[in-house]
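# kindly generate the corresponding structure for this input.
(2 chains)
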Amino acid sequence: MRVALYVTCLVDLMRPSVAFASLRLLEAAGCEVIVPEGQTCCGQPAWSAGERALAADLARKAIGELEGYDYVVIPSGSCADQIRNVYPQLLADDPAWGLRARTLADRAYELTSFLVDVLKLSAVPNQFDGSVTYHDSCKGLRGLAIKRQPRDLLARVPGLSLKEMSECEECCGFGGAFSVKFGEVSTKIVDRKCDAIAAAGADAVVGGDLGCLMNIEGRLRRRGDETTRVLHIAEVLAGGEA
Amino acid sequence: MTAAAKHSQAMHFQARAGEKVRNPVLQRALQKAKPLFVGKRAKGIAGLADDDLDFEALRTACEGIRNRTLADLDVWLDIFEERATASGAEVLWARDGEEVGRLVVDIARRHGVSKATKSKSMLSEEAHLNEALAAAGIRPVETDLGEYIVQLAGETPSHIIAPAIHKTLEEVEALFAKEHGRPIETRTSADIPDLTREAREVLRQHFLTADMGISGANFLIAESGTAALVTNEGNGRMVTTLPRVHVVVTGIEKVIPTLEDFATLMRLLPRSATGQSISNYVSLLTGTRREGDHDGPEKTVFILVDNGRAKLLGSAYQDMLRCIRCGACMNHCPVYFSLGGHAYGWVYPGPMGSVLTPLYTGIENALDLPHATTGCNQCGSVCPVRIPLPRLMHQLRTEQVERGLRPWSERLAFKAWAWVAGRPALYRWLTRRAARYLNWLADGDGRIRILGLAPGWTAGRDLPVSSGRTFHELYKARKRA
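Residues are numbered from 1 along each chain as shown, chains lettered A, B, ... in the order given. Okay, the predicted model is just below:
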């Protein structure tokens, strides 16, 4: 099974270990993993800002790079939502590109969804001594119905216990450009998330989207919490070293 | 500039948002209210199962009723007008808020009205009806408890079903003491019934002496020419039955075909709003007082208002007209509960306001609102009539770009970024440098405290960064090794 790994621009720049962990997970599960050259950004920031033409350019570029594999796997619910749900509507007016977008959308999976729904993974390579609490990122949860999959996987990690936080489905306040444009409002929102994390009292907060995790980690640290680890689920499942 | 735009403060959203986030009294009020709203709705929706009802199936039914009505809105409005007129009411049409004011003042003058009691109506806020009445020497008295508080304080509602949600108990106590001419007392939440009784006593006199009652309508039922009113305090009944004249002011999109449709929509409206399976009062008001009736108005006038609605028909925004004003979108909005409603600058706050304010007051007059979203879609997932609020906000952002309403610097930045992202070799070179630069800015522990490029981020958060190498750089090196 040939699987293309789309590492996402944020992981590439801010936390390469997430992509390496995803790579190890997929290889351990028996996939032939290819990291398509030339991949940059899925174009979601442009799309969100209303820059439709720029978003369409980047969508066509990504489709060209990612088609032809059995599957495309993305360690982010947000970017996966862009490819699965936005690309087909963005390119719907062009019959040829619309078809290519729909074909890719059907093969593109968020990481945990791929591991559970497609590979039906029964064992994970890593172990984790401690407790974690899981933050459901909005695009994964409400755009791709990812809820059970990460929990299924976490339950298979030896030594790990899950301590659910209250309101784990509440937005963390990241929202891409929102967190910069409306920094104060975003901080207010992530404060509530940090309160919920603190109340859960887990050793680590885990999620499937680096944007949310950077937001949560940044606020936890600024509030003086130096101990709660903030991890991408790929790092928990495969181990975090690069 | 439209009449509505003149009253909008939506262009000051960014500045107001900052003020609201830093206001500890407001924050206390909001923190208290949010879990109540969310919890009550969740319980209300879960309770559907007790009646063998399914939320998604009901949503589909409600969405369908609203869509079918909107598809032939002119026809249903004609039927409503015919049936309402046949039952003795008068039906008038208003193009905008100013026309509403003129019509109501005119009716008041013809009937010698000096005081009008009002039941909650957001459309009367759109129309600035209280100002128009006061300017004509007619005293408007708000009788919904929250609206009464807001009117005494000289403010506007900050929530469509809980207008005074921004006020704390202490603030209401101080306000009542001042306005009702009594000394301030120390109050706890156990005293809320006392404060309510105090307001009731004042309002009772107004109910008995008002010559005109003004209400909105949750729905207009076409087949019978009826206004449906869904309330909890009982004031709506007083307003619509005691005075000689009753004026209903509501939007043209509120019409639905049948009583049966009303029953279906009522399955979700109160549950979505307050979690109740049915509200304390549901009034169906048809025509005028008939012979043998103990109460009811001698004169009933419907004023059906456009104020920007008709132009949404057939547009990319038509879905918004399905709205039944339950407030669930704002009750589940992380942005709304960080700011309260006043930051939004016009009548409707929260996600529905971020769509309606630009559409009713001009897209160019509310540029921030469609951007004031994290894209979380908590609103869209609770909406009882499945309005895709995030998609509509996105459509507005796209229209801002298409109409050249975004700052040139922002557009240039996006163009430059997309140009680079379209050129992988250049992109790799730049991101390698960016990774090193970010790492150099970090304080040795992998965290940036102040980032000049994105001060909005680092004002409240650190920025965790990588070891200074991008993934693609590391991956390439590894493959070579």
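# leaving out chain neighbours, which residue sits closest to residue 43?
You didn't pick a chain, so chain A it is. Leaving aside its chain neighbours, residue A:43 sits nearest to residue A:58 (3.1 Å; criterion: CB to CB, 6 or more residues apart in numbering or on different chains). Every residue, glycine included, has its C-beta placed from N, CA and C.
# could you do chain B instead?
Residue B:43's closest residue in space is residue B:275 (CB to CB, 6+ apart), at 5.2 Å.
# pull the number of nearby residues for the residue nearest to residue B:288 when sequence neighbours are not counted.
Once flanking residues are discounted, residue B:288 sits nearest to residue B:88: 4.3 Å by CB to CB, 6+ apart. When neighbours are defined as other CB atoms under 10 Å in any protein chain shown, residue B:88 has 16 of them.
# and what of residue A:176?
Neighbour number of residue A:176 under other CB under 10 Å is 16.
# so where's chain A uncertain?
Scanning chain A for pLDDT under 70 picks out A:240-242.
# I'd say residue B:302 and residue B:93 touch.
No: using CB atoms under 8 Å, residue B:302 is not in contact with residue B:93, being 9.2 Å away.
# what about those two, which has more around it?
Legend: neighbour count by other CB under 10 Å for residue B:302 and residue B:93, higher for residue B:302 (23 against 14).
# on that earlier part again, would you mark the buried spots in the helix or strand harbouring the residue nearest to residue A:43?
Applying DSSP states H and E as the criterion places residue A:58 in helix A:52-66. Within helix A:52-66, the residues that qualify as buried are A:52, A:54-63, A:65-66, counting by 16 or more other CB atoms under 10 Å in any protein chain shown.
# that one packs against which elements?
helix A:44-48, helix A:87-90, helix A:95-107, helix B:389-402, helix B:408-421 (3 or more CB pairs under 8 Å, 6 or more residues apart in numbering or on different chains; DSSP states H and E).
# which outside residues touch it?
A:4, A:6, A:36-44, A:46-47, A:72, A:83, A:86-87, A:90-91, A:97, A:100-101, A:104, A:108, B:398, B:401-402, B:414-415, B:418, B:421-422 (CB atoms under 8 Å, 6 or more residues apart in numbering or on different chains).
# give me that answer again for 6 Å
By CB atoms under 6 Å, 6 or more residues apart in numbering or on different chains, the residues outside helix A:52-66 that reach it are A:4, A:36, A:38-39, A:42-43, A:46-47, A:72, A:87, A:90, A:100, A:104, B:398, B:414, B:418, B:421-422.
# okay, the angle between that helix and helix B:408-421?
10 degrees (axes from the mean of the first three to the mean of the last three CA atoms, to 10 degrees).
# check which element follows helix A:52-66 along the chain.
Next element after helix A:52-66 (DSSP H and E): strand A:71-74.
# so the helix or strand that that next one is followed by, near chain B or not?
Note on strand A:71-74: by DSSP H and E, the next helix or strand toward the C-terminus is helix A:77-81. No: Helix A:77-81 does not reach chain B (CB under 6 Å from any CB of the partner chain); its nearest approach is 8.7 Å.
# in chain A, which spans are strands?
A:2-5, A:32-34, A:71-74, A:108-110, A:130-134, A:160-162, A:204-207, A:229-232 (DSSP state E).
# out of those strands, the one nearest residue B:289 is which?
Comparing those by their distance to residue B:289 (CB to CB), the top pick is strand A:130-134, with 61.0 Å.
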